[in-house]
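A.B. asks: Give me a model of this one.
(chains A, B and C)
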Amino acid sequence: MSAPATTITAVTPEGPEVAAAPAKRRRLRFVANPKAATGLVVLAFFCLIAIIGPWVAPYDPSARSSDLIQAPSGKHWFGTTHLGQDIFSQVLVGTRGVMFVGLLAGLVATALSILIGVSAGFLGGAADDSLSALSNVFLVIPALPLIIIVASTIPSAGDLMVALVIGLTSWAWGARVLRAQTLSLRRRDYVEAARATGESTWRIITFEIMPNLTAIIASGFVGTVIFAVMSEITLAFIGISTISEWNWGTILFWAQSQQALAQGAWWWFVPAGLAIAVLGTALSLINFGIDEFVSPRLRSSGRTRVKTKDGHSVRMRVGFTPVLSSKQAPVTPVVRRREEEVA
Amino acid sequence: MKTPVLEIKNFHVDYGLGDEAVQAVRDVNLTLHRGEVLGLAGESGSGKSTLAYGVTRLLPPPGVISGGSVVYHPPSGDPYDVMALTDAELRKFRWAETSIVFQGAMNSLNPVHKVSTQMLDVIKAHEPQLSPQARIARAQEMLKLVGISADRMDAYPHQLSGGMRQRVMIGMALVLEPQVVIMDEPTTALDVVMQRQILAQLVELRERLGFSVLFITHDLSLLVEFSDRIAIMYGGRIVEEARSKELYTDSLHPYSEGLLKSFPALRGERRELSGIPGSPPDLRGMPSGCSFHPRCPQAFERCSAEIPVLEIPSARKDPNRSVACWLPGRTA
Amino acid sequence: MKFLLQRLAFYVFTAWAALTINFFIPRLIPGDPVTSLINKFQGQMSTDAINSLYVLFGLDKNASLWSQYVDYWGQVFRGDLGLSFTFFPTPVSEILRQSLPWTIALVGITTFASFMIGTSLGVLAGWRRGSVMDGLLPVTTFLSSIPYFWLGLLAITLLAGPDSFFPSSGGYEPGLVPGWSGEFIGSAIQHSLLPAITILISSVSGWILTMRNMMVTVSSEDYITVAHAKGLPERRVMVSYAARNALLPNVSGFALSLGFIVGGTLLVEIVFSYPGIGYNLFQAVGAKDYPLMQGVFLVITLSVLVANLLADVAYLLLDPRTRKEG
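C.D. replies: Okay, here's the model as predicted:
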């Protein structure tokens, strides 16, 4: 640490550096980010419903009754369908299917992206070329039509099947990002040092490289879940997945096929859609939180307005440093050189 | 005699606001005279770059100027305080009166525009009355002066070598013929041979165009050769200021001595190279009193108690130098 | 140029991959739905038609996989994608030729508009940090989380109706003959407004966000400080120096997101019964019309590849660093 005076290694204060803080404090700081916190709370809420939904639901979602197409009331909070089924129960029970597929697909896709992306980045050479080609192909081929076609050729596309199909087709983006990161990390000094001392490849990947990828992996996972949720709802809406298992898309499928709009039954499709939107927003917020955690620059800046010397209030911005109204700055006395008088 | 062209008075720069503010530049008083080269030396974290950027208000957030003024003396007209200018006036002032040659030209040039575009747009912004041909002529002339032929004008930054890019930066900085050019480590990223060439070019350009230079670097050996006067910064303050020759042969501040002993002389007797033990202070937690005292081989009790005052040393009675140190002979 | 050739090679490779996937999928279908359908229509199909279906679906159990593959390629290159079952006896290629222009018009125009609007707003949001623009972000995020089709349904409920200006379905007024007449074009535009607005609202936030993030990142680059130091007008710094550089990753991101855009458009077409290929896919899936499904997938994939290529060309023009000269 004691470098000779004429070489430069010290840092100029530019803003709080994330690297030095111990891991625990960093995680807490992530959760303290209001966007991420909100997202996590909402997500937790949905997970809770997914677990307890079927028990809490007032009616069996498939049970018919004689209250056909009724507006929301005390008896049926979200109204009923054309068969007298309670929509509220459908939404509650459907949460389980949605969350299950979303999370499973996310896991499968993330696992694949880690496997392929990190290997490609780390191994390099021919392995890298072929894996990259593979991921590029999957990246460019439009996912939704592929999913639709594959899912429709499978006779009974239950939740598990749908989750797998989505997971197996949406790993490419994450793989690409991870590959790029791994490539840049591989060249870092500490990795080179580990290789030079003969540490095994597997250990290097697990202990030196992976910890630095966690943020990207987390972000990729959340993104895939969002995509998976959207996709499975789309599949259900089009009528591809089985109708026996309830999810929000199935509700919308029935609403569409029964011309709910034409009958003015807005309550049939509003709750499901809103639920999707809220879940999607929550997941996006978590992703923003991760983004901002990784690069502090992206944070919505805190206090940016300052009062300047001439009384205005300006925003701090690049290129125009504000001049503050004079504070009580300690002025060390300076004896002015007399040369100015000796002109 | 020399008249001042840029007077920095009681200049304070902070990063951040309120209690969390880090004071990067503390109460700096410095005067640049017309036609002279003033060197500013110090380690990273000493505040020299912050000072340079602060003078033209170019610090990015969370930097703020928390006190002081920078009085500029134009060739004709009344002097004015740069800190008091409005945004529009500041834009007019920038580059036309004071320009900056930045460190690391690769990132300083816009990668998606040709060199010619970057030269021309600044001429257009400041002298809109010139015709396009006149603009191009001016740009070509300036590039020729820095040793870049006209056919390279349409190149993109990534197509030029490091040395050429730095020349482009210098050419760009001089194209409006400013009074003051601030150079922030202009040769640090280059190899020694290129360094020499660029410096020689600068000397030539100065003779032809007559601008004043504020030369910022950590490399004291460069300054000894190239500048008329040198100011040494440590921990956000100026600790010594003198004419280069005097600083080299007869430095008064222990930090200056340490810096000078850190590089070998090409001529003269062999002497032992010694560095300065310890590391630069963290601006968030400065030592009490003189910020250098933890590393100073000659520190005594007063050093940790009071901040030294920058003044003419009693032992020299030379009005052209000053030092901030409590050692006997340094204080008035 | 080398860059472009590399990309071209890659797209050719991907096209090959897509076609191969297309070749294999129907062979995975359990049971023999195609054969039964052929039998149903046997009397009405020519031998050639039956043959082409055999090739497409690998129904000829005697031929080897490789010869099937070769035949498949030959057929695709002739543009023969078989006959559709739902629209029997119209060939699939004919159906797609009619519906593709609608989709391209809708997707092309709205995507372009969305990109432009989103990017511009993103530039402003990223440039003026800490200002009112920051409040834009949560709103647009919420809007983008709403599924395209739900927004469409909502739009229909709220805005369309028997008396309103916005028609609730179709590509044009039923009864009008498709052609280049002013009346038809006017009606077509009128019918496309609601789907277009739906897509716009839903997709614009993605662009705003990515552009904003890139602007923030670029703003801390040295050349921006230099641009300010040069005393250039604010607009020039924001546009020529910052936005021009921040745009680059967005353009390549744009290409990648085309696949997703296509997906969203499919849904919108379904909701609005808009006569594009998305709607065709919907009909095909409902009726288990495999030839049509395959055909749609192929066309979509190839279109996306072409669009990607165009985006690459745009990137080449924008970033001089990719034009490696000698």
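A.B. asks: residue ranges with poor pLDDT in the chain?
C.D. replies: Because you didn't say which chain, this covers chain A. For chain A, the stretches with pLDDT under 70 are A:1-32, A:155-157, A:241-244, A:261-262, A:295-312, A:325-343.
A.B. asks: looking at chain C here, not the other one
C.D. replies: C:1, C:26-38, C:40-45, C:55-63, C:130-131, C:133, C:160-180, C:322-326.
A.B. asks: Nearest residue to the middle of it?
C.D. replies: C:V262 (3.1 Å; CA atoms, centre = their mean).
A.B. asks: so what pLDDT did the residue of the stretch 101-250 of chain B found nearest chain C get?
C.D. replies: Residue nearest to chain C within the stretch 101-250 of chain B (CB to the nearest CB): B:N107, separated by 4.0 Å. Placement of C-beta: from N, CA and C, glycine included. We have a pLDDT of 82 for B:N107.
A.B. asks: who are the neighbours in contact with it?
C.D. replies: C:221-223 (CB atoms under 8 Å, 6 or more residues apart in numbering or on different chains).
A.B. asks: and if you look at C:W73?
C.D. replies: Contacts of C:W73 (CB under 8 Å, 6+ apart): C:L19.
A.B. asks: Would you double-check that it falls in a helix?
C.D. replies: Yes: per DSSP: H, G, I helix; E, B strand; the rest coil, C:W73 lies within a helix segment.
A.B. asks: longest single helix anywhere in the chain?
C.D. replies: Looking at chain A here, since you left the chain open. helix A:87-123 (DSSP state H).
A.B. asks: wait, I meant chain C there
C.D. replies: Per DSSP H, chain C has its longest helix at helix C:182-219.
A.B. asks: Any buried residues in it, and which?
C.D. replies: Across helix C:182-219, burial judged by 16 or more other CB atoms under 10 Å in any protein chain shown covers C:187-188, C:191-192, C:194-219.
A.B. asks: these two touch, right, C:M211 and C:N250?
C.D. replies: Yes: using CB atoms under 8 Å, C:M211 is in contact with C:N250, at 5.8 Å.
A.B. asks: For the residue in the stretch 151-300 of chain B that chain A sits nearest to, give me the pLDDT.
C.D. replies: Nearest residue of the stretch 151-300 of chain B to chain A (CB to the nearest CB) works out as B:G275 at 3.1 Å. Per-residue pLDDT puts B:G275 at 73.
A.B. asks: How is it assigned, secondary-structure-wise?
C.D. replies: Applying three-state DSSP: B:G275 is coil.
A.B. asks: between the contacts of B:N107, which is closest to chain A?
C.D. replies: C:E221 (9.8 Å).
A.B. asks: Run through the helices of the stretch 51-200 of chain A in chain order.
C.D. replies: A:87-123, A:125-140, A:143-153, A:159-169, A:172-186, A:189-196 (DSSP state H, counting those that start in this stretch).
A.B. asks: burial measure for the spatially closest residue to B:G47 that is not a sequence neighbour, as a count.
C.D. replies: Of all residues not flanking B:G47 in the chain, B:G236 sits nearest, at 4.1 Å (CB to CB, 6 or more residues apart in numbering or on different chains). Applying other CB atoms under 10 Å in any protein chain shown, we find 25 other residues in the vicinity of B:G236.
A.B. asks: which bits of the stretch 1-150 of chain B sit near chain A?
C.D. replies: B:1, B:4, B:10, B:12, B:15, B:17, B:22, B:24, B:26-27, B:29, B:43-45, B:49-50, B:53-54, B:57-68, B:83-84, B:87, B:90 (CB under 8 Å from any CB of the partner chain).
A.B. asks: Looking at those, which are in helices?
C.D. replies: Using DSSP H, the residues of the stretch 1-150 of chain B next to chain A in helices are B:49-50, B:53-54, B:87, B:90.
A.B. asks: Now restrict these to buried residues only.
C.D. replies: Buried, going by 16+ other CB under 10 Å: B:49-50, B:53-54, B:90, out of those.
A.B. asks: could those be laid out in JSON lines, adding pLDDT?
C.D. replies: Below are those laid out as JSON lines (pLDDT from 0 to 100):
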{"residue": "B:S49", "pLDDT": "86"}
{"residue": "B:T50", "pLDDT": "89"}
{"residue": "B:Y53", "pLDDT": "89"}
{"residue": "B:G54", "pLDDT": "89"}
{"residue": "B:L90", "pLDDT": "88"}
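A.B. asks: Which residue does chain C have closest to chain B?
C.D. replies: C:G231 (3.6 Å).
A.B. asks: what helix or strand is B:G39 on?
C.D. replies: strand B:37-41 (DSSP states H and E).
A.B. asks: about what we covered before: wait, the residue nearest to B:G47 touches B:D14, no?
C.D. replies: No: B:G236 is beyond contact range of B:D14, at 10.0 Å (criterion: CB under 8 Å).
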